[in-house]
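S.K.: predicted model and sequence follow; I will ask about them next.
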Amino acid sequence: MSPTELSTAETRLRHSDYIATLRPLLPADAFRPNTRAFLPIALHITIIVCCWAAIRELPHRTWWPLIVILIGNSSACMAFLAHDFAHKSVTKNRALLYPLELVLWGFNLFPATLWRRVHAAHHVHTNGTHDPDRRFLASELSLSGTVAAATLYPNKLKWNIGFWLQWFVYGIRHALTAFFYSGSDKPGYVTARPIYQPGDRVWIALEIGFIAAWQFALWLFLGQAAKLVAVTLIPVAFTSAVVSWYFYTNHSLNPVDDGNDILAASTSVIVPPLFNMLHSNFAYHTEHHLFPTMNSAYYPLVSTLLQQHFPERYQRLPIWRAWSILLRNPIATSRRGAIGTDAARDTAPMAAPQQRQSSSAPYSRYAGSH
């Protein structure tokens, strides 16, 4: 079913409704930590470090393009692995979680605590009013909001390529929001401000300092600023393009809703099998929102079950078709009628823990702890 067809459906289901049907049909192994993910993590770190050494020692720049591509590919893969790691689908060992998140996100210049807060809000309010990842509404098109909506999201504007570099400004936008705004206040260039715990600003500042020190040490190791650009900024741009390829298809095909109905708010896309392998099945994004702590290797099984049990609600289409729709989007999105509010969802009774994998659970259990 396509996102445009879903707009005709009136009935809304909640997260727990889907979980009650699907969870008993899934094997217990799907919810055990996927420790095998440590192998690709170690492999990509090794590739990146070896490429640093190679670009330092090579006297000529002939091989630089190949090295940059290798680092860029591994950095992009690392972003998806860091995403899984943050959801505790790789390990639940508290002694490993934060230090490795710090390092994994550090490869892509992103503070780990900032990621936790912004991404937790996204899961709790998926494509709802308080989702920091959703598109802008027409009522939010202030000057800064219009600039952000027009340049940071794919739309019908020709020659708009700014959204491919979303990753560069994503962290900056939300870091500035975290540091300089409080409570419900927010700048016009973000759609929502997550709830930050006491001390989060300190941790984010320390993590930014850690990343800066890392880059300074790497610059000393490489010996040239041009080499630092080649092994850091260009690969992060590569990561941004790869992540954006998926990111906008996840929810931007759907009108802003109340944040309750995961299938109404999310879209999965069909990509070549190689990309599923490299990118931790991130194309199965509806499946991820239903079971955020699940081993991503089982997302195809969830997809099959969704096609069997919720065929009229499940949205999955080829990624090329998703992008053909995105590039015809207006600058601002519309709002779909809702059965409740985000606040109502947060206070609604939840199913038993064995039936419902809470969207915020991977974060709430260690919110504010390091």
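M.R.: Structure received.
S.K.: which residues in the stretch 251-370 of the chain form strands?
M.R.: For the stretch 251-370 of the chain, strands defined by DSSP state E, counting those that start in this stretch occupy the ranges 268-270, 316-318.
S.K.: would you quantify the distance from residue 210 to residue 47?
M.R.: Residue 210 sits 22 Å away from residue 47, going by Cβ to Cβ, to the nearest Å. Placement of C-beta: from N, CA and C, glycine included.
S.K.: pick out whichever of the two has more residues nearby.
M.R.: residue 47 (18 against 15; other Cβ atoms under 10 Å).
S.K.: which element is that one on?
M.R.: helix 38-57 (DSSP states H and E).
S.K.: which parts of that helix are buried?
M.R.: For helix 38-57, burial by neighbour count (16 or more other Cβ atoms under 10 Å) applies to 38, 40, 41, 44, 45, 47, 48, 51, 52, 54, 55.
S.K.: buried ones in the very next helix or strand once past it?
M.R.: Later in the chain than helix 38-57, the nearest helix or strand by DSSP H and E is helix 64-86. By 16+ other Cβ under 10 Å, the buried positions in helix 64-86 come out as 64, 67-68, 70-86.
S.K.: mind checking how far stretch 134-144 is from the chain centre?
M.R.: Distance of stretch 134-144 from the chain centroid (Cα atoms, centre = their mean, to the nearest Å) equals 21 Å.
S.K.: what's the end-to-end length of it?
M.R.: Stretch 134-144 stretches 16 Å from its first residue to its last (Cα to Cα, to the nearest Å).
S.K.: so residue 208 touches residue 112, yeah?
M.R.: No: look at residue 208 against residue 112 with Cβ atoms under 8 Å: they stay out of range, at 10.6 Å.
S.K.: returning to what we had before: can you put the strands of the stretch 251-370 of the chain in TSV and add mean pLDDT and distance to residue 169?
M.R.: Below are these laid out as TSV (pLDDT from 0 to 100; distance: least, Cβ to Cβ, whole Å):
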stretch	mean pLDDT	distance to residue 169
strand 268-270	98	24
strand 316-318	97	28
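S.K.: return the most buried member of those.
M.R.: strand 268-270 (a mean of 22; mean count of other Cβ atoms under 10 Å).
S.K.: who are the packing partners of it?
M.R.: helix 285-290, strand 316-318, helix 319-326 (3 or more Cβ pairs under 8 Å, 6 or more residues apart in numbering; DSSP states H and E).
S.K.: and these: which comes nearest residue 24?
M.R.: With Cβ to Cβ as the measure, helix 285-290 is the member of the helices and strands packed on strand 268-270 nearest residue 24 (13.7 Å).
S.K.: please export the C-alpha coordinates of the closest one as CSV.
M.R.: What follows is helix 285-290, C-alpha atoms only, in CSV (Å, rounded to 0.1, in the frame of the first residue of the first chain):
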residue,chain,number,x,y,z
HIS,A,285,11.7,1.3,9.1
THR,A,286,8.1,0.7,10.1
GLU,A,287,9.3,-2.6,11.5
HIS,A,288,12.0,-0.8,13.5
HIS,A,289,9.4,1.6,15.0
LEU,A,290,7.2,-1.3,16.1
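S.K.: who touches that helix?
M.R.: Helix 285-290 is contacted from outside by 15, 18-19, 22, 123, 126, 246, 249-250, 262-263, 265-269, 281-282, 294, 296, 299, 302-303, 306, 314-316, 357, 359, using Cβ atoms under 8 Å, 6 or more residues apart in numbering.
S.K.: now with 7 Å, please.
M.R.: With contacts defined as Cβ atoms under 7 Å, 6 or more residues apart in numbering, helix 285-290 is touched by 18-19, 22, 123, 126, 250, 262-263, 266-268, 299, 302-303, 314-315, 359.
S.K.: take those residues and keep only those in helices.
M.R.: 18, 19, 22, 123, 250, 262, 263, 299, 302, 303 (DSSP state H).
S.K.: state the distance from the last one to residue 318.
M.R.: When you say that, I think you mean residue 303. 14 Å.
S.K.: and the fifth one, by the same measure?
M.R.: In this structure, residue 250 and residue 318 are separated by 15 Å, where distance is defined by Cβ to Cβ.
S.K.: chain neighbours aside, what residue packs nearest to residue 63?
M.R.: With sequence-adjacent residues excluded and distances taken as Cβ to Cβ, 6 or more residues apart in numbering, residue 63 is closest to residue 54, at 7.3 Å.
S.K.: what's the pLDDT at the one you found?
M.R.: Turning to residue 54, the model gives it a pLDDT of 96.
S.K.: and the closest residue in space to residue 269 that isn't next to it in sequence, how far from residue 305?
M.R.: Spatial nearest neighbour of residue 269, chain neighbours left out: residue 319 (4.2 Å); criterion: Cβ to Cβ, 6+ apart. Distance, residue 319 to residue 305, using Cβ to Cβ: 22 Å.
S.K.: same deal with residue 34?
M.R.: Counting by Cβ to Cβ, the gap from residue 34 to residue 305 is 19 Å.
S.K.: and residue 92, by the same measure?
M.R.: For residue 92 relative to residue 305 (Cβ to Cβ), the value is 25 Å.
S.K.: what do you get for residue 19?
M.R.: 11 Å.
S.K.: more neighbours, the two?
M.R.: residue 19 (22 against 19).
S.K.: for that one, report the pLDDT, please.
M.R.: Model confidence at residue 19 (pLDDT) stands at 96.
S.K.: right, I'll call it a day here.
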